[in-house]
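Asks: Sequence plus predicted model, see below.
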Amino acid sequence: MKRKGNWAALWLGGWACAASAWAAEPQPPYDLQELTELALRHTLAVGEGSWKVAGAQARLRQVEAARFLPRLRLESTSGLVPAAEGDIFNPPQDTAGLRELGPFTQAELEFIQPLYVAGAAQLWRAAQQGVAAEEAALQGQRLELELEVAELYYGLLLARQLGDLAVELRKKIEDKRSEIEDNPAIPLSGHYKFQLALVELDKQQQLIAQKKELALAALAWKTGLKEGESAKLESQGLAPETAVLPPLDSLCTLAFTQRPDWRRLQAGLQAKDALAQAARGGYYPQVVLSGALRYAVAPRRTDQHNPFVKDEFNYLNGGVVLRLRQALEWDLIGAEVDKARAEYQELKAKERVNAQGLRVDVQRAYGEYQQAAAELGAATEVRRLSRQWAREAQEAFELDPEEAKELIAGFEAWAQSEQAYYEAVYRHNVALVELEKTTGGLSLRGQP
């Protein structure tokens, strides 16, 4: 019974672990945040950037391991050797024949411990900054991927919205088409305008369907969905994201602490500075403590206690020594120091250029968002007026069928304004995500 209880506990524990894993996996329909998490998990977890971070962390562990017992090795040898009983005063008598074999074991423990190595702390600091640089590069890839997913997400919502708009407009035209065709007072142009509008709608619906399928396939590819699985979205409508932006100067200041490329440059500067200081450590001596413990035993051979007799099969000895090492290649060391300084100054010059470029980049993204917000405001007003025009034109047509020309013009203005509005919403939302990326991943969406 106890064994059955153990199996039941393991079975329940396995199901609990599986349930927690399934709960952590986002399930359709997805919102933008869940799609972004899927894409990050699929692309960055096994991407080049993740392995570069792992490599930098491994180099840091190597530097840390070199600070304490960088060399600690145990070597053991075992085999069979001919038996030999006696010593120099009582040698064996059967020196000409074959002797029996006996076991033989030899072991050696060797260690080296640095006591003073100039530049070791600087090498450790450089390795630390190397990890920080690779992590910043990975964060930059993350922001790029977030922007790509957002463009696909909002593009898919735009395609759906325009598709619904085309269906609604076609329905309105079909409703009014019979009334116009049966009315002899309607001019000939009115009939053809309705027919041309229907042909144009068919073309637009085909184009929208193609863009929608392409966006779905690209989104499934980016997020790592299974082949044939469609990315079902939680939101069915495209609406403008709300945001409250800090002043431009504040965004520029925050970008200097948030931008991955700037943080990577700063980490590289500190790493190069540390390497330059480590290179100067070549001028100073190194003090190392090393030692070894050796042991060997062969039971079928007599242990020789005479200090003038070399015995390779029975011994126990060891020792510890203090070593002082001084490099005298002054020219080579000086060249290495100059090279490290030049690499540091090269990055320093790049820092000055990038500082100005960063401000310009933030200013560009900020201006593009402000322009997109202004276009959205104008498109919203045009949409309101066009809806009012279409409504009044429909009312006028119901009172006077000869107002068909005005009805057609109202429908055209309404359709164009609806399309322009949703395209403006798309540009506004993408510009906001672009601004978040440019400032280093600041969260600007969803603020009151």
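Replies: Received it, and whenever you're ready, just let me know what you need. Fair warning: this is a prediction, and the values are worked out from it, not measured in the lab.

Asks: Ignoring the adjacent residues along the chain, who's closest to residue 344?
Replies: On the basis of C-beta to C-beta, 6 or more residues apart in numbering, the spatially nearest residue to residue 344 that is not a chain neighbour turns out to be residue 272, at 4.1 Å. Backbone N, C-alpha and C define where each C-beta goes, glycine included.

Asks: Can you tell me how far residue 357 is from residue 302?
Replies: 81 Å (C-beta to C-beta, to the nearest Å).

Asks: Please say which of these two ends up with more neighbours.
Replies: Neighbours were counted for residue 357 and for residue 302 using other C-beta atoms under 10 Å; residue 302 has more, 16 against 12.

Asks: For the more buried one, give its distance to residue 89.
Replies: In this view, residue 302 and residue 89 are 11 Å apart by C-beta to C-beta.

Asks: One more: residue 368?
Replies: Taken as C-beta to C-beta, the spacing of residue 368 relative to residue 89 amounts to 99 Å.

Asks: How about residue 377?
Replies: Using C-beta to C-beta, we find residue 377 at a distance of 112 Å from residue 89.

Asks: which one of the two has more residues nearby?
Replies: Relative neighbour count places residue 377 above the other of residue 377 and residue 89, with 13 against 6, counting by other C-beta under 10 Å.

Asks: does the more buried one sit in a helix, a strand or a coil?
Replies: Per DSSP: H, G, I helix; E, B strand; the rest coil, the secondary structure class of residue 377 is helix.

Asks: Now for the nearest residue to residue 109 once chain neighbours are set aside: which residues touch it?
Replies: Residue nearest to residue 109 in three dimensions, not counting chain neighbours: residue 293, with 4.5 Å by C-beta to C-beta, 6+ apart. If a contact means C-beta atoms under 8 Å, 6 or more residues apart in numbering, then residue 293 has 108, 109, 317, 318 as its contacts.

Asks: Could I get the residues you listed in CSV, plus columns for pLDDT and neighbour count?
Replies: Supplementary listing: the contacts of residue 293 in CSV, determined by pLDDT from 0 to 100; neighbours: other C-beta atoms under 10 Å:
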residue, pLDDT, neighbour count
108, 95, 15
109, 95, 15
317, 91, 9
318, 92, 12
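
Asks: Which members of those are positioned in strands?
Replies: Using DSSP state E, the members of these that fall in strands are 108, 109, 317, 318.

Asks: element containing the residue nearest to residue 344, please.
Replies: Under DSSP states H and E, the secondary-structure element containing residue 272 is helix 260-280.

Asks: which other helices and strands contact that helix?
Replies: In terms of contact count using 3 or more C-beta pairs under 8 Å, 6 or more residues apart in numbering; DSSP states H and E, helix 260-280 is assigned the packing partners helix 120-181, helix 248-258, helix 330-399.

Asks: contacts for stretch 41-53?
Replies: Defining contact as C-beta under 8 Å, 6+ apart, one finds that stretch 41-53 is touched by 131, 134, 135, 137, 138, 141, 142, 145, 222, 223, 224.

Asks: Highest neighbour count among those?
Replies: That'd be residue 223 among these, by other C-beta under 10 Å, with 24 neighbours.

Asks: and the residue nearest to that one when sequence neighbours are not counted, how many neighbours?
Replies: Take residue 223 and drop its neighbours on the chain: the residue closest to it by C-beta to C-beta, 6+ apart is residue 38, 4.0 Å away. Residue 38: 21 surrounding residues under other C-beta under 10 Å.

Asks: same question, the one 3 residues further on
Replies: Residue 41 is flanked by 14 other residues according to other C-beta under 10 Å.

Asks: Please apply the same query to residue 363.
Replies: With other C-beta under 10 Å as criterion, residue 363 counts 14.

Asks: Isn't residue 337 up against residue 277?
Replies: No - with the criterion set as C-beta atoms under 8 Å, residue 337 and residue 277 do not qualify as a contacting pair; they are 9.3 Å apart.

Asks: out of the ones in strands among the contacts of residue 293, which one sits closest to residue 415?
Replies: residue 109 (86.1 Å; C-beta to C-beta).

Asks: need the contact list for that closest one.
Replies: By C-beta under 8 Å, 6+ apart, the residues touching residue 109 are 72, 73, 74, 292, 293, 294, 318.

Asks: Tell me the one of those nearest residue 363?
Replies: For residue 363, the closest of the contacts of residue 109 turns out to be residue 72, at 56.8 Å, with distances computed as C-beta to C-beta.

Asks: Now the phi/psi pair for that closest one, please.
Replies: phi -150, psi 100 (degrees, to the nearest 10).

Asks: give the contact list for it.
Replies: Counting by C-beta under 8 Å, 6+ apart, the residues that residue 72 touches are 109, 110, 111, 112.

Asks: at 7 Å what do you get?
Replies: For residue 72, the contact set (C-beta atoms under 7 Å, 6 or more residues apart in numbering) comprises residue 111.

Asks: which sections of the stretch 1-150 of the chain are below the confidence cut-off?
Replies: 1-28, 45-47, 94-97 (pLDDT under 70).

Asks: At which residues are the strands of it located?
Replies: In the stretch 1-150 of the chain, the strands defined using DSSP state E, counting those that start in this stretch lie at 71-82, 101-116.

Asks: what's the angle from the longest one to helix 120-181?
Replies: With axes from the mean of the first three to the mean of the last three C-alpha atoms, to 10 degrees as the basis, strand 101-116 and helix 120-181 are set at 80 degrees to each other.

Asks: Please point out which parts of strand 101-116 sit buried.
Replies: Buried residues in strand 101-116, counted by 16 or more other C-beta atoms under 10 Å: 104, 106, 111, 114.

Asks: now, among those, which is nearest to residue 381?
Replies: Sorting these by distance to residue 381 puts residue 114 at the head of the list, at 74.0 Å, by C-beta to C-beta.

Asks: Show me what the closest one bridges to in the sheet.
Replies: Assessed by DSSP bridges, residue 114 has beta-bridge partners residue 288.

Asks: one step back: so which residues make contact with the helix holding residue 272?
Replies: Residues external to helix 260-280 that are found in contact with it (C-beta under 7 Å, 6+ apart): 119, 122-123, 125-126, 129-130, 132-133, 136-137, 139-140, 143, 256, 336-337, 340-341, 343-344, 347-348, 350-351, 354, 358, 440.
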